[in-house]
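>>> Show me how the following folds:
(one chain, ligands or ions: 1)
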Amino acid sequence: MSKVVIIGGGVVGASVARHLAVRGGCDVTLIEQSPSPGAGSTGRATGGARVQFGTEINVRMSKYSIDFIREWDRDCGYDPKGYLFFATSEAGFDSLKRNVEVQRRVGIESTRTVSREEIAEICPLIVTDDIIGGTFGSEDSFINPIALMRSFHDEAAEHGVRFMFGTEVSSIGRVGGRVSGVITADGEIGCDAVVICTGARAARLGSGVGIDIPVRPQRRQIVWARCGEKIPDSLPMVIDVGSGFHFRPARDFIDPSAVTENGDLLLAWPDPNDLTASDDFDAGFIPPVLEQSRRRLKIHASLDVVPTKCRAGLYENTPDHHGIIGPAGPDGLFLACGFSGHGVMHSPATGRAISEMILDGRCGFMDVSALGFDRFENGRLLEESSFI
Ligand SMILES: Cc1cc2nc3c(=O)[nH]c(=O)nc-3n(C[C@H](O)[C@H](O)[C@H](O)COP(=O)(O)OP(=O)(O)OC[C@H]3O[C@@H](n4cnc5c(N)ncnc54)[C@H](O)[C@@H]3O)c2cc1C
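As a prediction, the model looks like this:
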């Protein structure tokens, strides 16, 4: 029986482990450097899943994954409140309309363009004077990233996956043109296939096997604010496609009772000047985010920031803001990383894709070749207009 080692126990590594184990036919070990799962980006994610993307492959990855989460018999917090994108420029609105065309091409009917008046109805909290139009996707959802990751871990364990927490992989062994195992402080663990699922730190393990994995960490921060006025139960994720400022009703994925009766908000904004590769929250981020909220949110004056609940995490960016899925470098090495802020929502499709590549020699359920590592070598980069 062939042996597979998965490096990284976040939502992506857990999904790969679960999909391999449920299929059966190989011996799977998952190695995670932290003492428990969720210490990486997965534990910091906002918890959104959307089909509203601008490339066919991202739409397909989302569609498959959202369907998986909805239909799975484990509760992963699936809550289809939708995503509302709005634009304050003609160019921004045109870009959103092009994305709807892309989604239609792959069979998505649940996203529609919306007028300023409809936007005001969907989200009465925002100032709409300068808004030209937008799109609303009713299939887009909130999910619980930690519940999803734990569910993958649990099902993987039930199907015999071995977990090694608190163990760092320092390098990948190779003999000739094949991987031979992974090296830890306790020695080498031999195997036939290795899957790198180390999120924002994926580049580190590539250099030892002669490949430049183009994944770079970039900090993203979230401000948690209590609302003095009740927010609507139907509030979706709301995104200004021009500035990237976005907000959603807050959920505490560990302690649901931590949200107050009026509802709390998560406020976020991709600060273009923040190139930090640390996942420490910087309180200096609060004033610029509140400035965005002051301009957009009618209830801004009632917001009360809760500093202890603000958080930061790392995006794992590739040059074209698409994940990398598939073989790379020596035979037996696979990458599942670089999701550029979409790794939670794309984890079900990723786990299935990698499991089919390892067990069947090819991914049969979906053509994921556009996400191959070879695109960086042959210059066939993708272009995602909806990277937030
Ligand atoms: C603020 C923020 C909001 C986000 N919002 C969303 C969202 O709404 N929807 C969405 O889909 N995505 C979102 N993301 C992105 C999402 O969090 C990531 O894409 C996803 O968590 C990646 O999962 P992963 O398993 O690849 O990485 P991680 O969760 O980072 O897991 C990688 C694991 O590898 C381990 N590791 C690293 N190196 C080694 C080693 N050498 N040996 C052993 N273990 C190692 C780490 O300890 C870590 O646990 C958000 C990210 C941030 C920061």
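
>>> need the strands for the stretch 101-250 of the chain, in chain order.
Taking DSSP state E, counting those that start in this stretch as the test, the strands found in the stretch 101-250 of the chain are 111-114, 133-137, 141-142, 162-165, 169-175, 178-184, 187-190, 193-196, 216-227, 237-240, 246-249.

>>> Now do the helix or strand harbouring I286: everything it contacts.
Following DSSP states H and E, one finds I286 within helix 286-296. Applying CB atoms under 8 Å, 6 or more residues apart in numbering, the external contacts of helix 286-296 come out as 126-127, 221, 223, 225, 240, 243, 245, 247, 267-269, 271, 300, 303, 305, 307, 310. All C-beta spots, glycine's among them, are computed from the backbone N, C-alpha and C.

>>> Give me the angle between that helix and strand 216-227.
Computed with axes from the mean of the first three to the mean of the last three CA atoms, to 10 degrees, the direction of helix 286-296 lies at 60 degrees from that of strand 216-227.

>>> check contacts around D264.
Contact analysis of D264 by CB under 8 Å, 6+ apart lists W224, A225, R226, C227, P249, A250, V306.

>>> Could you rank these by neighbour count and give me the top one?
When the contacts of D264 are compared by neighbour count (other CB atoms under 10 Å), A225 ends up highest, at 25 neighbours.

>>> how near is the nearest residue to it once chain neighbours are set aside to the ligand?
Distances taken as CB to CB, 6 or more residues apart in numbering place L303 nearest to A225, at 4.2 Å, with adjacent residues excluded. Remark: distance between L303 and the ligand (CB to the nearest ligand atom, to the nearest Å) = 19 Å.

>>> cool, M357 as well?
Distance of M357 to the ligand, given as CB to the nearest ligand atom: 17 Å.

>>> what about that residue, which helix or strand?
helix 347-360.

>>> So what touches the very next helix or strand once past that helix?
Next helix or strand after helix 347-360 toward the C-terminus (DSSP H and E): helix 375-378. Helix 375-378 is touched from outside by P214, P319, D320, L381, L382, with contacts defined as CB under 8 Å, 6+ apart.

>>> pLDDT averaged over helix 375-378 - what is it?
The average pLDDT within helix 375-378 is 94.

>>> Now do the buried residues in it.
Buried residues in helix 375-378, defined by neighbour count with 16 or more other CB atoms under 10 Å: R375, F376.

>>> Quick check: T29 is in a helix.
No. Using DSSP: H, G, I helix; E, B strand; the rest coil, the assignment for T29 is strand, not a helix.

>>> Can you tell me how far it is from the ligand?
For T29, the distance to the ligand - CB to the nearest ligand atom - is 12 Å.

>>> now T88
23 Å.

>>> burial of that residue, as a residue count?
Neighbours of T88 (other CB under 10 Å): 18.

>>> Can you give me every residue that contacts it?
D130, I131, I132, D240, G242.

>>> For ChimeraX, write the select line for the buried members of the residues you listed.
Here is the ChimeraX selection string for the buried members of the contacts of T88, based on 16+ other CB under 10 Å:
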select :131,132,240,242
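
>>> Out of the contacts of T88, which two sit at the greatest distance?
Checked with CB to CB, the contacts of T88 reach their widest spread between I132 and D240, with 11.6 Å between them.

>>> Up against the ligand, what does the stretch 1-150 of the chain have?
Contact residues, the stretch 1-150 of the chain versus the ligand (CB under 6 Å from any ligand atom): 7-13, 31-34, 39-42, 44-48.

>>> Just the ones of those in helices?
V11, V12, G13 (DSSP state H).

>>> Tell me the one among these nearest to the ligand.
Distance to the ligand, by CB to the nearest ligand atom, is smallest for V12 among these, at 3.5 Å.

>>> give me the number of residues near the closest residue in space to the closest one that isn't next to it in sequence?
Distances taken as CB to CB, 6+ apart place C197 nearest to V12, at 4.5 Å, with adjacent residues excluded. Neighbour count for C197, taken as other CB under 10 Å: 30.

>>> so C197 sits right up against H19, yeah?
No. Between C197 and H19 there is no contact under CB atoms under 8 Å: 12.0 Å.

>>> contacting residues around the residue of the stretch 51-200 of the chain found nearest the ligand?
Closest to the ligand within the stretch 51-200 of the chain is G199: 2.7 Å, counting by CB to the nearest ligand atom. Counting by CB under 8 Å, 6+ apart, G199 makes contact with G8, G10, V12, G40, S41, T42, L314, E316, C337, G343.

>>> at 10 Å what do you get?
Taking CB atoms under 10 Å, 6 or more residues apart in numbering, we find G199 in contact with 8, 10-13, 39-42, 215, 217, 313-316, 336-339, 343.

>>> Mind checking which of those residues land in strands?
The strands, defined by DSSP state E, take in P217, G313, L314, Y315, E316, A336, C337 from these.

>>> with these in mind, which one is nearest to N262?
G313 (25.8 Å).

>>> quick one: contacts for the nearest residue to the closest one once chain neighbours are set aside?
Using CB to CB, 6+ apart and skipping the chain neighbours, the partner closest in space to G313 is R44 (2.6 Å). Residues near R44 by CB under 10 Å, 6+ apart: 38, 145, 219-222, 279, 281, 311-315.

>>> can you put those in JSON lines and add pLDDT and neighbour count?
Shown next, in JSON lines, are the contacts of R44 (pLDDT from 0 to 100; neighbours: other CB atoms under 10 Å):
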{"residue": "G38", "pLDDT": "94", "neighbour count": "22"}
{"residue": "P145", "pLDDT": "98", "neighbour count": "26"}
{"residue": "R219", "pLDDT": "97", "neighbour count": "22"}
{"residue": "R220", "pLDDT": "97", "neighbour count": "23"}
{"residue": "Q221", "pLDDT": "98", "neighbour count": "25"}
{"residue": "I222", "pLDDT": "98", "neighbour count": "23"}
{"residue": "D279", "pLDDT": "95", "neighbour count": "19"}
{"residue": "F281", "pLDDT": "97", "neighbour count": "20"}
{"residue": "R311", "pLDDT": "97", "neighbour count": "18"}
{"residue": "A312", "pLDDT": "98", "neighbour count": "17"}
{"residue": "G313", "pLDDT": "98", "neighbour count": "22"}
{"residue": "L314", "pLDDT": "97", "neighbour count": "21"}
{"residue": "Y315", "pLDDT": "97", "neighbour count": "24"}
